[in-house]
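1. No sequence on hand, only this structure:
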RNA sequence: GGCCUUGUGGUCAAGCGGUUAAGACGGCGCCCUCUCACGGCGCAAUCCCGGGUUCGAUUCCCGGCAAGGUCACCA
């Protein structure tokens, strides 16, 4: 068979040589040991925690080594394309501190552009043609129905499904048959002519999993679809070679197709990159756990976390604790360190699937937020409010001075212990609401309305804005004693029957009247921030609780 | 079903032949305390099962089992 003539018939025209491309995309000029990694999403625009998980690994491995991470868009499947998706991905990732050095819509070093696979049609065809010329690829005229029938037959016979060996019908087409089909205008795909034997197994070193057993590929996989666009496998080999990726970090679902990729790299004459297949983030789904899915888990979308107002750094820290088993210990030792200083290692990545744990994320979030100054918190909250907050919430930022004193109180800044009341911006905004808007009573009084009324009016009669915390509390105690409540907690605990309640109950009444809530930070400080007029107004209007 | 991967408390996990089997989250209890939050102390809870190898296995080997992944002109 004249392979050269066939190649010319299948992919007419002249294409550049391997040599040409090797020179066009030269080895990257990076220091020794620098890794080049990449994130290669398809442009659906939807990006979830699992993608971030992977992206952080890419970013860390690249930047820890002094290398670069780039963004390549795998848009070979039209069905997946969504407008504005690439920008959405970049912005979502950016928010969580994953910044690309080059890539689609980012720019950077243009040497390796374009980063959209659809724009790289020529190079894929050039190499497909080369493989055909070498007899390592051939046209296949099987229709979808043919393939479905084949699969059914194989399934029925309990044989391995796929296009391989004796089932690879078009592999052995004669020259006449091929040209006859071509002349008839039949559509075709280009398949790799596999030389592998599945009886052969070998060890392959994975950067994350360690040594894995690989079975030789014998599937004649499609490399060019009938529209002339490459499949993932083929594009992966060519792009990662010429974009000079040193280590391919991807989900473990790709492990199954590693044999295909190995054969493809060999057939193409490219050296193999290193691979690291990471486990996927799982979600508990009833009895079982399963991989995070775009379809089923919209609440795991990165957009969701931004809307909720999760602190970007907290999410990143959580991802790092999942990504590298020794990160948490390191971070505990260096709580004020930049997480980026952590010596991230691919081989420290978990081998088994990890369940996403919201409790853990929330705990980390509280801790991270408690490290902020009032200024930093204000900036964080304002950024969130501008994007997702209500008009009322945006107004909180008008009086910066007041906001800062509110935050200082609510975060426990200056005190011996920092408070950790909220995990997200939206929670924080709700938490400080009563400082800014008319209080909506969310918690119920535990004492009856008459008592509330007399307690409040008594307090109002002795209340003075000028009192310091101590004097203020003394007055609360006086009011308590006057109404038969224990002023001293110890005395109350020793003899709870002897009183109507304790000073705690009285404080609670004041607290609910002033803020609407039974639980708040220090009440005296709250009253100072609110101002005398507002305090009197609130306590007065609360005197007649509507039951 | 074939192939691959993985099995340490509810979750994330240290551990590499001898340990009281770390730590973190969550749960529970106590203390602190005008509430909450913070903090402190404590408790419960784990080596998938069965065979080996060994003086001794969570750790090594074999076999089960379970879970996950994958078997497209999708990535």
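-> Right, received. Where do you want to start? All figures in this text were calculated on a predicted structure; none of them were measured in a lab. Numbers count the residues shown, from 1 in each chain, chains lettered A, B, ... in the order given.

2. Residues touching the strand or helix carrying residue A:38, excluding its own?
-> Element membership for residue A:38 (DSSP states H and E) is strand A:36-39. With contacts defined as Cβ atoms under 8 Å, 6 or more residues apart in numbering, strand A:36-39 is touched by A:28, A:30, A:51, A:54-55, A:58-59, A:61-62, A:67-72, A:93, A:98, A:100, A:103, A:240, A:243-249. Bear in mind the C-beta positions are built from the backbone N, C-alpha and C, glycine included.

3. Check which residues of the lowest-mean-pLDDT helix or strand in chain A are buried.
-> Ranking every helix and strand in chain A by mean pLDDT, DSSP states H and E puts strand A:288-291 at the bottom, with a mean of 82. Judged by neighbour count (16 or more other Cβ atoms under 10 Å), strand A:288-291 contains these buried residues: residue A:291.

4. Is there contact, residue-wise, from it to RNA strand B?
-> Yes - Strand A:288-291 reaches RNA strand B (Cβ under 7 Å from any atom of the strand) through A:288, A:289, A:290, A:291.

5. Enumerate the positions of stretch A:478-497 that are buried.
-> Per 16+ other Cβ under 10 Å, stretch A:478-497 contains these buried residues: A:478, A:479, A:480, A:483, A:485, A:486, A:487, A:492.

6. quick check, it touching RNA strand B?
-> Yes - judged by Cβ under 7 Å from any atom of the strand, stretch A:478-497 comes into contact with RNA strand B at residue A:489.

7. Need the three-state assignment for residue A:205.
-> Recorded secondary structure, residue A:205: strand (DSSP: H, G, I helix; E, B strand; the rest coil).

8. all helices for the stretch 101-250 of chain A, in order.
-> Using DSSP state H, counting those that start in this stretch, the helices of the stretch 101-250 of chain A run over A:121-133, A:144-156, A:175-183, A:232-242.

9. and residue A:434, which of those helices is closest to it?
-> With Cβ to Cβ, the closest approach to residue A:434 among the helices of the stretch 101-250 of chain A belongs to helix A:232-242: 54.2 Å.

10. Please, which helix or strand holds the closest residue to residue A:385 other than its chain neighbours?
-> Spatial nearest neighbour of residue A:385, chain neighbours left out: residue A:393 (4.8 Å); criterion: Cβ to Cβ, 6 or more residues apart in numbering. Assigned by DSSP H and E, residue A:393 belongs to helix A:391-395.

11. which parts of that helix are buried?
-> Judged by neighbour count using 16+ other Cβ under 10 Å, the buried positions of helix A:391-395 are residue A:393.

12. Check stretch A:448-456 too.
-> Buried, per 16+ other Cβ under 10 Å, within stretch A:448-456: A:451, A:452, A:455, A:456.

13. State the distance from residue A:369 to residue A:188.
-> Distance of residue A:369 to residue A:188, computed by Cβ to Cβ, to the nearest Å: 59 Å.

14. In terms of neighbours, single out the busier of the two.
-> residue A:369 (26 against 18; other Cβ atoms under 10 Å).

15. pLDDT score assigned to the nearest residue to the more buried one once chain neighbours are set aside?
-> Of all residues not flanking residue A:369 in the chain, residue A:311 sits nearest, at 5.7 Å (Cβ to Cβ, 6+ apart). With respect to pLDDT, residue A:311 scores 97.

16. Please list all residues in contact with residue A:311.
-> By Cβ under 8 Å, 6+ apart, the contact list for residue A:311 reads A:365, A:368, A:369, A:380, A:424, A:425.

17. separation between it and residue A:90?
-> Taken as Cβ to Cβ, the span from residue A:311 to residue A:90 is 20 Å.

18. so what strands line up beside the strand holding residue A:38?
-> strand A:68-71 (parallel) (DSSP bridges).

19. is any part of the very next helix or strand once past the strand it pairs with close to RNA strand B?
-> On the C-terminal side of strand A:68-71, the nearest following helix or strand under DSSP H and E is helix A:85-95. No - counting by Cβ under 7 Å from any atom of the strand, no contacts exist between helix A:85-95 and RNA strand B, the nearest distance being 12.3 Å.

20. gap between helix A:85-95 and the chain center?
-> 11 Å (Cα atoms, centre = their mean, to the nearest Å).

21. ok, now stretch A:287-299?
-> Chain-centre distance of stretch A:287-299: 14 Å, with Cα atoms, centre = their mean.

22. now swap in stretch A:15-33 and tell me
-> With Cα atoms, centre = their mean, you get 33 Å for stretch A:15-33.

23. buried stuff in it?
-> By neighbour count with 16+ other Cβ under 10 Å, stretch A:15-33 contains the buried residues A:15, A:21, A:25, A:28, A:30.
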